[in-house]
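1. Predicted structure and sequence below. I'll ask about it afterward.
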Amino acid sequence: MLSVTRRLAAATILIGCLAGSAWSADAPKVKLVTSAGDIVVEVYPDKAPKTAENFLQYVRDRHYDGTIFHRVINGFMIQGGGMDAKMVEKKTRAPVAHEGRDAYAKGLRNEVGTIAMARTSDPNSATSQFFINVADNTRTLDPPGPNAPGYTVFGRVVSGMDVVNKIKAVPTGSAGMHGDVPLTPVVIQSATIVQ
């Protein structure tokens, strides 16, 4: 009887592990080749479908190629995807509908290593700019109450967190009206879907 119980327990654990890895294996991955090294992010269309598709379409359109991480705040996040090295904003499509509360309800949080959409104070203003959390920002960026939108997390860094950590530590200054700009541009040379 003990043998049967152990087999059932082992089978249950194995099925759980396989289900978890299948979920990750099916998630699209995007490789950001940057001047500081490569970063691979896994995108979760099952948890933030509109936001994930928005990001993936910008990747397919090669929008991110030649953009920079234009806002870097160590202890907070690194932001990119909208400006070129001269701090000129690239033209974007219409904003994507905000999914912060839905993604939050499905378990996505602004934790270290997650990727989320940048936006203005208008929750429905996100276009191409994204940020990677370099600190636990759950208390400040996740939806804190029923009427607070938060920032939509749509993926996670699965490779290259050492590169993210290198970027977060670069010296920054001002460029025109922008603050927290790396003194030496950190360029996203290419962004491609690798799975």
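-> Structure received.
2. only C-alpha atoms for contact and neighbour calcs from this point on.
-> OK.
3. For this protein, just list every one of the helices.
-> Assigned helices in the chain, in chain order: 2-26, 49-60, 100-105, 138-141, 161-168 (criterion: DSSP state H).
4. Which of the residues in the shortest one are classified as buried?
-> When you say that, I think you mean helix 138-141. Neighbour-count burial for helix 138-141, with 16 or more other C-alpha atoms under 10 Å as criterion, is recorded at 138, 141.
5. For this structure, which helix or strand comes out least confident on mean pLDDT?
-> Each helix and strand of the chain was given a mean pLDDT (mean pLDDT, DSSP states H and E); the minimum falls on helix 2-26 at a mean of 47.
6. How about the contacts made by the spatially most central residue of the chain?
-> For the chain, the residue sitting closest to the mean C-alpha position, by C-alpha atoms, centre = their mean, is residue 115 at 1.5 Å. The neighbourhood of residue 115, defined by C-alpha atoms under 8 Å, 6 or more residues apart in numbering, consists of 41, 130-133, 153-157.
7. Okay, and which of these map to strands?
-> Among the contacts of residue 115, the subset assigned to strands under DSSP state E consists of 41, 130-133, 153-157.
8. Would you format these as CSV with neighbour count and pLDDT included?
-> Listed next are the ones in strands among the contacts of residue 115 as CSV, based on neighbours: other C-alpha atoms under 10 Å; pLDDT from 0 to 100:
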residue, neighbour count, pLDDT
41, 25, 99
130, 23, 99
131, 22, 99
132, 28, 99
133, 29, 99
153, 34, 98
154, 31, 99
155, 27, 99
156, 23, 98
157, 21, 99
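9. Now do the closest residue to residue 138 other than its chain neighbours: how many residues are near it, please.
-> Nearest residue to residue 138, sequence neighbours excluded (C-alpha to C-alpha, 6 or more residues apart in numbering): residue 110, at 4.9 Å. Residue 110 has 28 neighbours, counted by other C-alpha atoms under 10 Å.
10. residues contacting residue 110?
-> Residues in contact with residue 110, defined by C-alpha under 8 Å, 6+ apart, are 116, 133, 136-138, 141-142, 151, 153.
11. From residue 104, how far off is it?
-> The gap separating residue 110 from residue 104 is 9 Å, by C-alpha to C-alpha, to the nearest Å.
12. Residue 83 too?
-> 28 Å.
13. quick one, what contacts residue 98?
-> If you count contacts by C-alpha under 8 Å, 6+ apart, then residue 98 has 51, 123-126, 149, 152 around it.
14. ok, now residue 53?
-> Taking C-alpha under 8 Å, 6+ apart as the definition of contact, the neighbours of residue 53 are residue 45.
15. now do residue 158
-> By C-alpha under 8 Å, 6+ apart, the contact list for residue 158 reads 39-42.
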